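Colleague: Have a look; sequence and predicted model below, questions after that.
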Amino acid sequence: MTKQKISSKVVRARSLVIYELEQFINYVRTVDPGLEPNQVIVLTAFILSGLPELFQQNPVLLAQIKDIATNMKLKRGVPNTTNDKSNSN
């Protein structure tokens with residue numbers, strides 16, 4: 001088995017995701033403080049699994065995510081190559 005070298009940018013991005021996930025778990029805990037820690041994590045996983053459908057059902061939210069992605073690419077000098085005809089009238 002070969003090991004892949006993980007860039008420091010990816011390591012920092014993963015650390016950010018872990019931090020934000022922990023913050024979200026803490027928020028979910030406030031929804032029902034009576035839940036056990038493992039139950040809060042399972043509930044959080046359930047919420048996360050439903051996010052793609054939520055984004056698809058909410059075009060404004062999906063557009064915001066696409067805009068953020070486009071801005072991230074522009075900051076690193078990658079032209080916008082998305083051919084999204086759903087936004088054209």
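Modeller: Looks like it came in fine. Residues are numbered from 1 along each chain as shown.

Colleague: From here on, just use CA atoms for contacts and neighbour counts.
Modeller: Fine.

Colleague: middle-most residue in this protein, spatially?
Modeller: The residue at the geometric middle of the chain, judged as the C-alpha nearest the mean C-alpha position with C-alpha atoms, centre = their mean, is V17 (7.9 Å).

Colleague: quick one: secondary structure of it?
Modeller: Using DSSP: H, G, I helix; E, B strand; the rest coil, the secondary structure recorded for V17 is helix.

Colleague: for G34, phi and psi?
Modeller: According to degrees, to the nearest 10, the main-chain angles of G34 amount to phi -80, psi -10.

Colleague: before we move on, what about P33?
Modeller: The phi and psi torsions at P33 (degrees, to the nearest 10) take the values phi -60, psi -10.

Colleague: cool, the one 5 residues further on as well?
Modeller: Dihedral pair for N38: phi -70, psi -30, per degrees, to the nearest 10.

Colleague: Give me the distance between it and S49.
Modeller: In this structure, N38 lies at 17 Å from S49, with C-alpha to C-alpha, to the nearest Å as the measure.

Colleague: again, but for K5
Modeller: If you go by C-alpha to C-alpha, the gap between K5 and S49 works out to 29 Å.

Colleague: Looking at these two, which is more packed in?
Modeller: S49 (11 against 6; other C-alpha atoms under 10 Å).

Colleague: give me the number of residues near L54?
Modeller: 14.

Colleague: ditto for Q23
Modeller: Q23 is surrounded by 12 other residues when neighbours are defined as other C-alpha under 10 Å.
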